[in-house]
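Participant: predicted coordinates and the sequence they were generated for:
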Amino acid sequence: MRVRFYPCACGHLNVIGSKRELEERAVEGLDQLEELRRPWIDRVPVRCEACGDAVQRILEVGDVWLDAGIVPFSTLGWQNDEVVPGGYGTGAARGLTGADLPDEAYWETWFPADWVSEMREQIRLWFYSQLFMSVVLTGGSPFRRVLGYEKMLDESGREMHGSWGNMIDADDAFARMGADVMRWQYCAQPPNQNLLFGFGPAEEIKGKILRLWNSVRFLVLYGNVDDWRPRLADLATGPDGELGALDRWMVERTRALVSEARQAYEDTLTVNVIRAFEAFVDDLSNWYIRRSRRRFWDGDETALRTLWFALATAIRVIGPVMPFLAEELWQRVVRVAGAPSSVFLAGWPEPGDPDEALLEEIAAVRRVVELGRQARAVANQRQRQPLRKLVVQGASLPAHEAELRDELRVKEVEFGPVDATELRVKPNLPVLGPKLGAALGDIRRALAAGEFEQLPDGGIRVSGHDLGADEVLIETVGRDGWAVASDDGVTVAVETAVDPELELEGRAYDLIHELNTLRRDRGFELTDRVKIVVPERWREVVHRHGEWVAGEVLATELTVGVVGEPQIELA
């Protein structure tokens with residue numbers, strides 16, 4: 001930034017306060033003054049206030065951040081009496097732009113700025129220089145809100161330098177990642193933490209975005225089976241008419257996404273937008289779509305309309321973060337219903353306030369399902385293997401018993417106390433060692449033998465000693481034949497014993513999975529009917545569960561033959 005100081009030989013220091021004052025005191029050179037920068041400003045001497053002699057400006061320039069700090073005034077027409085046609089295309093910018101320089105009335109409509117953003121180091125540089133100059137010139141701040149953020153490093157946490165070989169060229173990043181993936185990386189980063197940028201994180205993000213893409217693909221695939229077309233009226237608030245419980249939940253979950261994302265955008269915390277969106281896509285894909293697969297196969301119009309509403313709304317919500325993919329999906333999936341020509345012309349969705357009670361209810365169901373899967377994992381039981389019984393303590397969900405049976409592949413669900421657990425208590429050695437000394441050995445043996453009493457405050461009474469909750473390590477485990485998992489006041493237990501009937505049903509699930517994988521690998525269409533021959537090892541499964549297996553894989557014939565691996569052909 002050019003310095004406004006003009007020292008005179010008479011000892012007086014002249015300071016020029018504005019362009020208007022410069023014009024009044026200039027001796028010459030105004031005709032060539034294209035902008036207030038070097039070299040043009042150096043050719044404009046001014047007359048000394050004290051003695052009247054012509055004086056030259058100090059040639060040195062100030063910190064460039066001072067130049068950046070004056071931007072709210074220099075670029076928007078501050079103190080300009082009238083618009084200057086082509087006023088931006090002067091000096092160094094000649095030939096680069098023909099934009100007009102606005103007048104002060106225009107500046108007043110844009111000042112102060114609603115929001116500015118730069119890295120944290122700019123607190124002492126750009127943010128400060130803007131604030132200082134604005135307070136001096138106008139008495140107020142040049143911005144209403146500020147977002148600062150930390151550094152961008154490479155994916156291993158090192159600074160990027162060309163000499164280190166870890167600098168990523170922008171063109172290379174655009175080509176290998178894509179603009180939307182790069183934007184996702186920036187937006188998903190908490191502003192108070194360094195961004196670890198690189199191709200590795202980009203691949204993880206692609207996987208997350210692929211889940212959205214696959215959900216859209218699922219809608220298109222099943223919608224085309226019955227030549228289904230979306231309704232524009234559903235875009236606003238979702239499908240009308242009588243909705244099933246799962247459809248109602250999906251509509252409310254979509255409303256919750258809109259509410260959470262709106263707040264995140266208003267808080268200028270895009271990391272919360274990403275978190276809300278990722279959770280929503282997980283719920284959409286891993287709960288609604290998976291729980292509704294049979295309905296989609298049957299061409300259930302309500303399920304298709306609900307899924308379309310959820311996806312169309314999600315595309316509108318995520319548009320500011322990844323505009324290119326959002327626009328592509330809008331054109332492919334939403335525009336066909338007669339919607340606005342672009343997602344960015346559709347406005348912000350206003351589907352209404354979410355039903356929090358319903359959302360909490362389904363969240364409780366999903367928590368039980370997740371705990372059930374954890375308990376299975378503890379017992380090394382495959383998710384496809386049916387089990388006999390599930391006991392749930394701390395969450396009474398009788399209306400969802402069928403869902404729990406189906407999700408966890410159990411024959412019976414019971415809500416009530418879990419009696420299939422036992423406590424295992426060990427001494428917290430760093431704490432009890434110094435306290436008990438030689439008595440620690442007896443305490444350890446008594447605890448291992450189960451010779452203790454649990455106290456109301458969470459402590460343990462053993463061998464005449466009352467031990468506090470911080471002095472022992474307590475673990476709840478399942479008794480023989482049971483597996484247990486607990487979290488946030490909810491405990492579930494699954495009976496792990498597998499009788500021959502359950503084992504055979506588990507094998508049937510395995511066969512269904514194997515045959516559907518074979519269908520996909522062979523490139524069969526979704527609606528293709530097939531004939532299948534399986535090896536001898538599947539004879540009992542086919543005998544007991546053949547009709548069910550055939551229905552799941554669209555087989556008109558399912559037989560056992562002399563083959564090494566399953567054989568499949570079009571019916």
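Facilitator: Nice, thanks for sending it over.
Participant: state the distance from residue 27 to residue 47.
Facilitator: Going from residue 27 to residue 47 by CB to CB, to the nearest Å gives 6 Å. Glycine gets a C-beta too; all of them are placed from N, C-alpha and C.
Participant: how much space between residue 482 and residue 91?
Facilitator: Summarising the geometry, the distance separating residue 482 from residue 91, computed by CB to CB, is 81 Å.
Participant: swap in residue 465?
Facilitator: Taking CB to CB, one finds residue 465 at 85 Å from residue 91.
Participant: and if you look at residue 408?
Facilitator: Separation of residue 408 from residue 91 (CB to CB) stands at 72 Å.
Participant: which one's more surrounded, those two?
Facilitator: Remark: of residue 408 and residue 91, residue 408 carries more neighbours, 21 against 15, as counted by other CB atoms under 10 Å.
Participant: pLDDT wise, what is the more buried one at?
Facilitator: Residue 408 is assigned 95 on the pLDDT scale.
Participant: shouldn't it be in contact with residue 388?
Facilitator: No. Counting by CB atoms under 8 Å, residue 388 is not a contact partner of residue 408; they are 11.3 Å apart.
Participant: would you confirm that residue 237 contacts residue 352?
Facilitator: Yes. Proximity of residue 237 to residue 352 meets the contact threshold set by CB under 8 Å, at 6.0 Å.
Participant: I figured residue 110 hits residue 76, correct?
Facilitator: Yes. Contact criterion CB under 8 Å: residue 110 and residue 76 qualify, at 5.6 Å.
Participant: residue contacts, the nearest residue to residue 179 once chain neighbours are set aside?
Facilitator: Closest residue in space to residue 179, ignoring its immediate chain neighbours: residue 324 at 5.9 Å, by CB to CB, 6 or more residues apart in numbering. Applying CB atoms under 8 Å, 6 or more residues apart in numbering, one finds that residue 324 lies in contact with 178-180.
Participant: doesn't residue 328 fall inside a helix?
Facilitator: Yes. According to DSSP: H, G, I helix; E, B strand; the rest coil, residue 328 belongs to a helix.
Participant: separation between it and residue 212?
Facilitator: Counting by CB to CB, the separation of residue 328 from residue 212 is 11 Å.
Participant: have a look at the two and say which one is more surrounded.
Facilitator: Taking residue 328 and residue 212 together and counting by other CB under 10 Å, residue 212 has the greater number of neighbours (23 against 16).
Participant: for the contacts of residue 324, which one is nearest residue 95?
Facilitator: Closest to residue 95 out of the contacts of residue 324 is residue 179 (29.1 Å), distances taken as CB to CB.
Participant: okay, now that closest one: neighbour count?
Facilitator: The number of residues packed near residue 179 is 13, by other CB under 10 Å.
Participant: could you report the pLDDT at it?
Facilitator: With respect to pLDDT, residue 179 has a value of 93.
Participant: kindly report the same for the one 3 residues further on.
Facilitator: Confidence at residue 182, expressed as pLDDT, is 93.
Participant: and it, how many neighbours does it have?
Facilitator: A total of 19 residues lie near residue 182 under the criterion other CB under 10 Å.
Participant: one more: residue 523?
Facilitator: Residue 523, neighbours per other CB under 10 Å, totals 7.
Participant: give me the phi and psi for it.
Facilitator: Listed backbone geometry of residue 523 is phi 80, psi 20, with angles given as degrees, to the nearest 10.
Participant: quick one: stretch 172-183 to chain centroid distance?
Facilitator: Taking the mean of its C-alpha atoms, stretch 172-183 sits 17 Å from the chain's own mean (CA atoms, centre = their mean, to the nearest Å).
Participant: and for stretch 521-533?
Facilitator: For stretch 521-533, the distance from its own C-alpha centre to the chain's C-alpha centre is 36 Å (CA atoms, centre = their mean).
Participant: can you confirm residue 95 is in a helix?
Facilitator: No. Looking at residue 95 with three-state DSSP, it is coil, so not inside a helix.
Participant: tell me how far the residue nearest to it when sequence neighbours are not counted lies from residue 274.
Facilitator: Taking CB to CB, 6+ apart, and ignoring the residues beside it in sequence, residue 95 has residue 89 as its nearest neighbour in space, at 6.9 Å. In this structure, residue 89 lies at 40 Å from residue 274, with CB to CB as the measure.
Participant: neighbour count for these two, which is higher?
Facilitator: Each of residue 89 and residue 274 has its neighbours counted (other CB under 10 Å); residue 274 has more, 21 against 16.
Participant: so how far is residue 197 from the more buried one?
Facilitator: When CB to CB is applied, the distance between residue 274 and residue 197 equals 15 Å.
Participant: swap in residue 245?
Facilitator: Spatial separation of residue 245 from residue 197 under the definition CB to CB is 43 Å.
Participant: neighbour-wise, which of the two wins?
Facilitator: More crowded of residue 245 and residue 197, by other CB under 10 Å: residue 197, with 21 against 13.
Participant: for residue 442, see how far away the more buried one is.
Facilitator: The spacing between residue 197 and residue 442, counted by CB to CB, is 57 Å.
Participant: cool, and residue 342?
Facilitator: The value you get for residue 342 to residue 442, if CB to CB is used, is 76 Å.
Participant: ranges for the strands of the stretch 151-300 of the chain?
Facilitator: Per DSSP state E, counting those that start in this stretch, the stretch 151-300 of the chain carries strands over the ranges 152-154, 195-197.
Participant: measure stretch 286-294 end to end?
Facilitator: The first and last residues of stretch 286-294 sit 14 Å apart, counting by CA to CA, to the nearest Å.
Participant: now stretch 287-307
Facilitator: Across its full length, stretch 287-307 reaches 12 Å between end residues, using CA to CA.
Participant: so for that stretch, mean pLDDT?
Facilitator: Summarised as a single mean, pLDDT over stretch 287-307 is 93.
Participant: now it, how far from the centre of its chain.
Facilitator: Put simply, stretch 287-307 sits 25 Å off its chain's centre (CA atoms, centre = their mean).
Participant: buried sites along it?
Facilitator: If you call a residue buried by 16 or more other CB atoms under 10 Å, then stretch 287-307 has these buried ones: 287-289, 291-292, 295-296, 300, 302-307.
Participant: what's near enough to touch the closest residue to residue 364 other than its chain neighbours?
Facilitator: Across the structure, with CB to CB, 6+ apart as the measure, the residue nearest residue 364 apart from its sequence neighbours is residue 395 (5.1 Å). Listed by CB under 8 Å, 6+ apart, the contact set of residue 395 reads 364, 367-368, 415, 490.
Participant: may I have the phi/psi pair for residue 395?
Facilitator: The phi/psi pair for residue 395 (degrees, to the nearest 10) reads phi -150, psi 110.
Participant: got it, and the one 4 residues further on?
Facilitator: Here is the backbone geometry of residue 399 (degrees, to the nearest 10): phi -70, psi -20.
Participant: pull the number of nearby residues for it.
Facilitator: Summarising burial for residue 399: neighbours were counted as other CB under 10 Å, giving 10.
Participant: many thanks, have a good one.
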